[in-house]
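**Q** need a structure here:
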Amino acid sequence: MATGASAASPSKNPLRRALGVLTDLRVLQALGQIIFMIILVFVVVQLWNNIVTALDENNITPNFDFMQNRAGFEIGGAEGYTPDDSYWEAFLVGLRNSLSIIVVGLFSTTILGILGGIFLLSSNWLVRSISRGAVEFLRNIPLLVFIYLMYFVVILSLPPLRDSLTFPNEGILVIRYRWFAYVIAAIALSFSLRKSAWGMRRLGWSFLIGAIITLELLIRYAAQPPAFMNSILSIFPGSQTAASGAVILSTVGMILLVGLIIAALIGLAHAFKPAQTVLTGAALGFALGAICYQFAILPSDGIRIETIPVIYLNNRGLTYPEVLTTIRFAEWGAFIALGIGFGAALYVYLRRLTITTGKPYPRLLWALFVLFAFTIIGWFIVSGEPAPQNALVTVDGTVTSMPVQQALDEDLITQQQALLYASTPLEVILPQRQGLRFGTGETISPEYMALLLALVIYTAAFIAEIVRAGILAVPRGQLEAARALGLSYPQLLRMVILPQALRVIIPPLTNQYLNLAKNSSLAIAISFADIYQVMNTVGNQSGQSVAAITLIMITYLIISLIIAAIMNIVNARYQLVTR
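**A** Residues are numbered from 1 along each chain as shown. Prediction:
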């Protein structure tokens, strides 16, 4: 009995029971979290009370009611916004500008960063060295300095509006007949070497490239030799003219052509190394060019097309055609939707067929072909429907009918009204200069271009290093196995390297995406109206700086959380699944 009582006494002792609870690790962890939350809430409440007290002393009450007030300031390039709109409208303009930078920037910097990472591992010394130098330069300068560099040195150094760089240039575009010959030769070579070894394909393409480059140089400079060629031709008697130079070239060309025929007959070309093959191709190009001049074949002839500029680049921005949807766009959109549906169904079917039979099918290519076919057929069907040629307009109080284009030229109808009479689903409005500005077309501001280029190029340098590390993390045995299966380098990259490298790439890539989104707030340095600059103006003008800064913080927080959530989903898709 004594033993049982002594054994039961510790459990009945409240002091020991309390000490046992306090020494429990789970209780200590919960207690620590509770204490931390109490301290955090206390600090936040004290900070908020201090802010409210300081604002009350200046007769300012922190709230968002002021966002309904009239903005009263301009925002450059904001369509549909006027100073009479509210602060909320100004906020939405800044948000739209920020999102346009972030979305386009994320897409562009991903592509550029992947290419940069591949170039860093290139077997070509020149490509690898240039890529390494660019990455090291960009990673070791402040982003703000690079933004200033892109804006003040690159963008603002472009020519003025009257001397804009245009694409294409206004004039006559001649599509040379010889270009078609180059394409046919390349297709024929690709078809004939499709089952050959890599070394033979390299020899064939080296030969063709050498021939084309030499032929182009000869055509460009034979009729009007440059200064150094005149000094060479002067050693021949009576060779001061281009005609005598062409005679010499044709003679040498005939000799080279005979030599090439002999070399081909004895099969020496198959034993050439790539450098020798390039020289052999160059000799062939030289011979062909010389023969063209000998027999008066004009290599400059071709199809002549009159061109007008559609893109203008100057220090005021980039102007490009405006694409407007007409009343027939919905019908065309139905064909596109059908193409997407049938293309997706075909993609799934071919994918299952590949899994079942083991035979690879180009499912993406076929899906895109179906989409393209539906798009083109739908365009012709919708555009083939009869369209009204005249529009009803009011002239001097009288309703009359006149051609649509005439009514548009006389400003009797607007551009939006003219879209109701269009015969195509889309209308392309080319840029047209009106004095010191463009009256039509869309214009990207120089501030937007500078900020986007700076963010994309700068962030791509960091992504390139991440991609390089991810590729190097793939086991070498995987690469050797893929090469043993006969995969080409593009196939090796797409099917073996990148799927495994993404497991290493995605987590640090997420950080770079978040950095790009938050670094876009540096737009204020070059006066681009993003959300930070707009709300900074709102805060200074209304006196509600705390509310304005709070709204900025909440907006960037939501954007960052959305990017992180999407990247977490992608990361879960590619992460290594283990038991």
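**Q** tell me where the model's unsure across the stretch 101-250 of the chain.
**A** Screening the stretch 101-250 of the chain residue by residue with the criterion pLDDT under 70, one finds the ranges 197-199, 203, 218-250.
**Q** quick one: the strands in the stretch 401-550 of the chain, in order.
**A** In the stretch 401-550 of the chain, the segments counted as strands under DSSP state E, counting those that start in this stretch are 426-429, 433-434, 437-438, 442-444.
**Q** now the ones you listed as CSV including mean pLDDT, distance to I34 and mean neighbour count?
**A** Just so you know, the C-beta spots here come from the backbone N, C-alpha and C atoms, and that holds for glycine as well. Below are those laid out as CSV (pLDDT from 0 to 100; distance: least, C-beta to C-beta, whole Å; neighbours: other C-beta atoms under 10 Å):
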stretch, mean pLDDT, distance to I34, mean neighbour count
strand 426-429, 86, 63, 14
strand 433-434, 80, 69, 12
strand 437-438, 82, 64, 16
strand 442-444, 88, 54, 16
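**Q** residue ranges with poor pLDDT in this structure?
**A** Within the chain, the stretches with pLDDT under 70 are 1-13, 15-22, 58-62, 197-199, 203, 218-301, 576-579.
**Q** can you give the domain ranges for it?
**A** Taking automatic domain parsing as the domain assignment, the ranges for the chain are 2-57, 87-164+444-574, 171-307, 322-429.
**Q** what about the strands in the stretch 251-400 of the chain?
**A** For the stretch 251-400 of the chain, the strands defined by DSSP E, counting those that start in this stretch occupy 302-307, 311-314, 317-320, 322-325, 390-395, 398-403.
**Q** I209 is nearest to which of the ones you listed?
**A** Evaluated over those, closeness to I209 peaks at strand 302-307, with 21.4 Å, by C-beta to C-beta.
**Q** residues making contact with the closest one?
**A** 168-179 (C-beta atoms under 8 Å, 6 or more residues apart in numbering).
**Q** what would the strands of the stretch 401-550 of the chain look like in CSV with distance to V504?
**A** CSV is the format used below for the strands of the stretch 401-550 of the chain (distance: least, C-beta to C-beta, whole Å):
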stretch, distance to V504
strand 426-429, 43
strand 433-434, 51
strand 437-438, 47
strand 442-444, 36
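**Q** with A572 as the reference, name the closest of those strands.
**A** strand 442-444 (36.4 Å).
**Q** what helices and strands are in contact with the closest one?
**A** Contacts of strand 442-444 with other secondary structure elements, assessed using 3 or more C-beta pairs under 8 Å, 6 or more residues apart in numbering; DSSP states H and E, are made with strand 317-320.
**Q** hang on, the earlier thing: which of the strands of the stretch 251-400 of the chain sits most buried?
**A** Looking across the strands of the stretch 251-400 of the chain with neighbours counted as mean count of other C-beta atoms under 10 Å, the highest average goes to strand 317-320: a mean of 21.
**Q** list the pairing partners of that one within its sheet, with orientation.
**A** Looking at strand 317-320 with DSSP bridges, its paired strands and their directions are strand 311-314 (antiparallel), strand 442-444 (antiparallel).
**Q** please state the offset of it from the chain centre?
**A** Put simply, strand 317-320 sits 17 Å off its chain's centre (C-alpha atoms, centre = their mean, to the nearest Å).
**Q** can you tell me the centre-most residue of this protein?
**A** S108 (3.6 Å; C-alpha atoms, centre = their mean).
**Q** what about that one, which helix or strand?
**A** helix 87-120 (DSSP states H and E).
**Q** what residues of that helix count as buried?
**A** By neighbour count on 16 or more other C-beta atoms under 10 Å, the buried set for helix 87-120 is 87, 89-95, 97-99, 101-102, 105-106, 108-110, 112-114, 116-120.
**Q** which element is encountered next along the chain beyond it?
**A** Later in the chain than helix 87-120, the nearest helix or strand by DSSP H and E is helix 125-139.
**Q** rewinding a little: out of the strands of the stretch 251-400 of the chain, which is closest to I526?
**A** Of all the strands of the stretch 251-400 of the chain, it is strand 317-320 that lies closest to I526, at 13.0 Å by C-beta to C-beta.
**Q** which phi and psi values does G358 adopt?
**A** Its backbone dihedrals place G358 at phi 80, psi 0, with angles given as degrees, to the nearest 10.
**Q** related to what we said a few turns ago, indicate which one of the strands of the stretch 401-550 of the chain is closest to D56.
**A** Relative to D56, the nearest member of the strands of the stretch 401-550 of the chain by C-beta to C-beta is strand 442-444, separated by 45.5 Å.
**Q** residues contacting that closest one, please?
**A** The set of residues external to strand 442-444 that reach it, using C-beta under 8 Å, 6+ apart, is 77, 316-322.
**Q** again, only using 10 Å
**A** For strand 442-444, the external contacting residues (C-beta atoms under 10 Å, 6 or more residues apart in numbering) are 77, 79, 100, 312-314, 316-323, 429, 431, 437, 452.
**Q** equivalent analysis for stretch 377-393, please.
**A** Stretch 377-393 is touched from outside by 326-339, 399-408, 410, 412-413, 417-418, 420-426, with contacts defined as C-beta under 10 Å, 6+ apart.
**Q** could you rerun that using 8 Å?
**A** Taking C-beta under 8 Å, 6+ apart as the rule, stretch 377-393 contacts 328, 331-332, 334-336, 338-339, 399-404, 407, 412-413, 417-418, 421-425.
**Q** show only the entries of the residues you listed found in helices.
**A** Filtering the contacts of stretch 377-393 for membership in helices, criterion DSSP state H, returns 331-332, 334-336, 338-339, 404, 407, 417-418.
**Q** looking at those residues, spot the one nearest V145.
**A** I336 (44.9 Å).
**Q** so how far is V323 from the closest one?
**A** I336 sits 15 Å away from V323, taking C-beta to C-beta, to the nearest Å as the criterion.
**Q** one more: P446?
**A** P446 sits 22 Å away from V323 when distances are taken as C-beta to C-beta.
**Q** now render the strands paired with strand 317-320 as a markdown table, adding distance to V41.
**A** Shown next, in a markdown table, are the strands paired with strand 317-320 (distance: least, C-beta to C-beta, whole Å):
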| stretch | distance to V41 |
| --- | --- |
| strand 311-314 | 56 |
| strand 442-444 | 47 |
